[in-house]
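> I need the structure of the sequence given here:
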Amino acid sequence: MSTSVSAYSFVKLGKEKLDTVNERSRLTVCVVGCGRKGLTHACLFADAGFKVIAADKSPKTVSMIKSSRKIFYNKKLNETLKKHVKEKRINITTDVKKAAAESDVIAIFAPVDVDEKGRIDYSCLEKTCKEIGLGMRKGSLVINMTTVAPGITEELVRKTLENASGFRAGEDFGLGYASPVNSPRIAAGISEKSLKATATVLRTITNGSLVTLENVKAAETAFLFTVVQRGVDVALASEFSVFCEKVGVDYLEVQKAVNMHSNSLVLPRVSQLSSKPFQYVLEEAEALNLKMRITSSAKENVENVLAHAVRLVRNALRACGKPLRRSRIAVLGVSAKPDRKEKNNNWFVKKFVKTLAAKGARIKVYDPFFTEKELNEMGYQAGKTLTQTLENVDCIVVTVPHERFRKMNIRRLSFMVKMPAAIVDLAYILDREKA
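Here you go, the predicted structure:
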């Protein structure tokens with residue numbers, strides 16, 4: 001428990017506008033969790049004129065940032081981060097407790113995983129809150145910007161901070177919740193003063209609308225529904241693509257026709273598939289003894305897409321006269337999003353590789369945004385280069401629509417692979433006429 005007091009209490013913060021850089025420069029913002037979202041927000045806060053401390057318990061992550069290694073695919077964002085670190089507008093540390101003790105505002109971006117039983121695991125968020133609570137000053141504002149189920153901010157986050165600090169939320173420190181994305185930004189606070197302070201800070205980094213809600217659960221739910229809706233869209237598109245495959249029509253042609261006047265039909269890219277968004281909602285529904293049939297069905301469909309992808313690989317190999325067992329397969333792409341380095345949340349690729357390996361296939365993975373060592377540390381057997389990965393393989397599976405893979409010369413691939421070889425394009429980026 002810290003005995004110091006923030007020079008700029010959350011109550012005072014709620015009464016300010018922070019319209020000028022000079023006003024913001026008096027405040028220190030601590031961003032805890034240096035993943036993509038955390039670092040992006042660290043840059044946003046530094047751009048706005050705040051003094052920023054970026055804290056992460058991983059020495060490797062901190063070392064990468066300090067050495068100015070490429071963190072983002074976006075060149076401008078990399079240059080912004082490098083510039084702020086060099087000019088000490090953003091200071092990097094592994095000491096979360098000390099960083100919290102030196103800050104007026106603390107934004108939490110903690111990773112949330114799914115355990116072996118398929119349940120949401122908040123242990124990392126809980127540990128992070130404990131570290132913050134042990135160091136935070138009286139009067140600080142804490143904003144949880146982690147994607148969570150309804151009630152987690154007011155229950156787990158609040159209780160952990162209170163127990164570790166000895167302070168009372170809403171009185172001795174402010175506590176708010178905000179969505180980790182900017183389209184639109186959704187925010188709430190556990191009290192009127194907490195909400196005002198949270199909104200004041202977030203308006204300085206939000207382009208566009210800031211939606212403020214008095215109920216924290218409502219804000220958590222609103223953002224969670226947007227995430228689940230995207231998951232449902234991709235799951236539905238995946239189901240449609242299987243239907244198109246069975247009736248012998250081109251899904252891309254159908255999508256183009258449907259989207260002539262609206263963008264209602266998305267590409268069923270497997271890198272965007274995950275059962276985790278659904279699990280947030282379904283766990284809460286289970287506790288309420290509520291059956292959510294559509295959400296459950298969408299989650300089941302996501303898992304069916306995985307089984308279908310494995311069948312596609314098996315059938316493609318069979319068409320080449322080869323069995324799945326002992327076949328060499330190159331999986332291209334592990335990043336959760338195209339053309340950027342994002343190792344979190346690519347649920348599909350992890351499950352896909354594990355399933356193929358369990359069936360006796362020999363898998364090698366490549367992603368241009370990760371080194372061979374990084375991929376090995378993530379649990380994959382990796383190729384150092386694209387050429388090395390494709391050498392003598394029986395099947396190529398494209399899982400992430402990186403621009404690098406889009407530009408591959410399909411005819412030249414025949415000189416690298418073991419012919420006859422199969423190509424399974426799960427990213428919808430290759431020209432079928434050239435295949």
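> counting neighbours, what do you get for residue 78?
17 (other CB atoms under 10 Å). Every C-beta, even on glycine, is put in place using the N, C-alpha and C of the backbone.
> now tell me what touches the helix or strand that contains residue 22 from outside.
Here residue 22, judged by DSSP states H and E, is contained in helix 21-24. Residues outside helix 21-24 that contact it (CB atoms under 8 Å, 6 or more residues apart in numbering) are 16, 17, 18, 48, 49, 50, 204.
> now the fifth one: how far from residue 207?
Using CB to CB, to the nearest Å, we find residue 49 at a distance of 16 Å from residue 207.
> who has more neighbours out of these two?
residue 49 (18 against 10).
> what sits against the more buried one?
Neighbouring residues of residue 49 by CB under 8 Å, 6+ apart: 20, 21, 22, 24, 25, 204.
> filter those down to the buried ones, PyMOL style.
Only the buried entries of the contacts of residue 49 go into this PyMOL selection, using 16 or more other CB atoms under 10 Å:
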select buried, resi 24+204
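> as CSV, the contacts of residue 49 with distance to residue 258 and pLDDT would be great.
Converted to CSV, the contacts of residue 49 look like this (distance: CB to CB, whole Å; pLDDT from 0 to 100):
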residue, distance to residue 258, pLDDT
20, 48, 86
21, 47, 88
22, 52, 89
24, 46, 90
25, 50, 91
204, 40, 93
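> widest-spaced pair of the contacts of residue 49?
Using CB to CB, the contacts of residue 49 span at most 12.7 Å, a distance reached by 22 and 204.
> number of nearby residues for residue 286?
11.
> where does pLDDT dip in the stretch 201-350 of the chain?
Where the stretch 201-350 of the chain drops to pLDDT under 70, the residues are 261-263, 268, 343-345.
> wait, is residue 26 part of a helix?
No: counting by DSSP: H, G, I helix; E, B strand; the rest coil, residue 26 is located in no helix; its state is coil.
> so it versus residue 20, what's the distance?
Residue 26 is 10 Å from residue 20, by CB to CB.
> cool, and residue 246?
Residue 246 is 61 Å from residue 20, by CB to CB.
> mind listing what the residue of the chain most remote from its centre touches?
The outermost residue of the chain, judged against the average C-alpha position, is residue 321 (39.2 Å), by CA atoms, centre = their mean. Residues in contact with residue 321 (CB under 8 Å, 6+ apart) are residue 420.
> how much space between it and residue 422?
For residue 321 relative to residue 422 (CB to CB), the value is 10 Å.
> next: residue 108.
Counting by CB to CB, the gap from residue 108 to residue 422 is 45 Å.
> now do the strands in the stretch 51-200 of the chain.
Taking DSSP state E, counting those that start in this stretch to define them, one finds strands in the stretch 51-200 of the chain at 51-55, 90-93, 105-108, 113-114, 120-121, 141-144, 174-178, 185-189.
> lowest average confidence across these, which one?
Lowest mean pLDDT within the strands of the stretch 51-200 of the chain: strand 113-114, at a mean of 80.
> from the contact counts, what lies against that one?
Secondary-structure packing of strand 113-114 (3 or more CB pairs under 8 Å, 6 or more residues apart in numbering; DSSP states H and E): strand 120-121.
> what lines up beside the strand it packs on in the sheet?
strand 113-114 (antiparallel) (DSSP bridges).
> give me the distance from the partner strand to the chain's centre.
12 Å (CA atoms, centre = their mean, to the nearest Å).
> neighbouring contacts of that strand?
Contacts to strand 113-114, defined as CB under 8 Å, 6+ apart, come from residues 120, 121, 124, 275, 276, 279, 347.
> with stretch 216-230 instead?
147-154, 176-179, 181, 186-190, 211, 213, 272, 277-278, 280-281, 295, 298.
> turn the contacts of residue 49 into JSON lines, columns for distance to residue 84.
Output for the contacts of residue 49, formatted as JSON lines (distance: CB to CB, whole Å):
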{"residue": "20", "distance to residue 84": "19"}
{"residue": "21", "distance to residue 84": "14"}
{"residue": "22", "distance to residue 84": "18"}
{"residue": "24", "distance to residue 84": "14"}
{"residue": "25", "distance to residue 84": "13"}
{"residue": "204", "distance to residue 84": "15"}
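> how about the helix ranked longest in the chain, which residues are buried there?
When the chain is parsed with DSSP state H, its longest helix is helix 216-247. Going by neighbour count (16+ other CB under 10 Å), the buried part of helix 216-247 is 216-217, 219-224, 226-228, 231-235, 237-242, 244.
> got the domain boundaries for this protein?
Per automatic domain parsing, the structural domains of the chain span 10-214, 300-434.
> turn those domains into JSON lines, including distance to residue 265.
Formatted as JSON lines, these follow (distance: least, CB to CB, whole Å):
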{"stretch": "domain 10-214", "distance to residue 265": "20"}
{"stretch": "domain 300-434", "distance to residue 265": "12"}
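> most tightly packed of these?
domain 10-214 (a mean of 20; mean count of other CB atoms under 10 Å).
> ends of that one, what's the gap?
Terminal residues of domain 10-214 are spaced 17 Å apart (CA to CA, to the nearest Å).
> kindly report the same for stretch 254-267.
Span of stretch 254-267 from end to end, CA to CA: 11 Å.
> then stretch 13-26?
11 Å.
> now that stretch, how far from the centre of its chain.
30 Å.
> how about the strands in the stretch 251-400 of the chain?
Going by DSSP E, counting those that start in this stretch, the stretch 251-400 of the chain shows strands at 328-332, 362-366, 395-398.
> which residues are contacting stretch 390-398?
If you take CB under 8 Å, 6+ apart as the criterion, stretch 390-398 is touched by 309, 313, 316-317, 320, 322, 327-333, 352, 364, 366, 383, 405, 413, 416-418, 421-427, 429-430.
> ok, now with 6 Å
317, 322, 327-332, 405, 416-418, 421-425, 427 (CB atoms under 6 Å, 6 or more residues apart in numbering).
> quick one: mean pLDDT for it?
The model assigns stretch 390-398 a mean pLDDT of 94.
> returning to that earlier point: closest to residue 67 out of the strands of the stretch 251-400 of the chain?
Among those, strand 362-366 sits nearest to residue 67 (CB to CB), with 24.2 Å.
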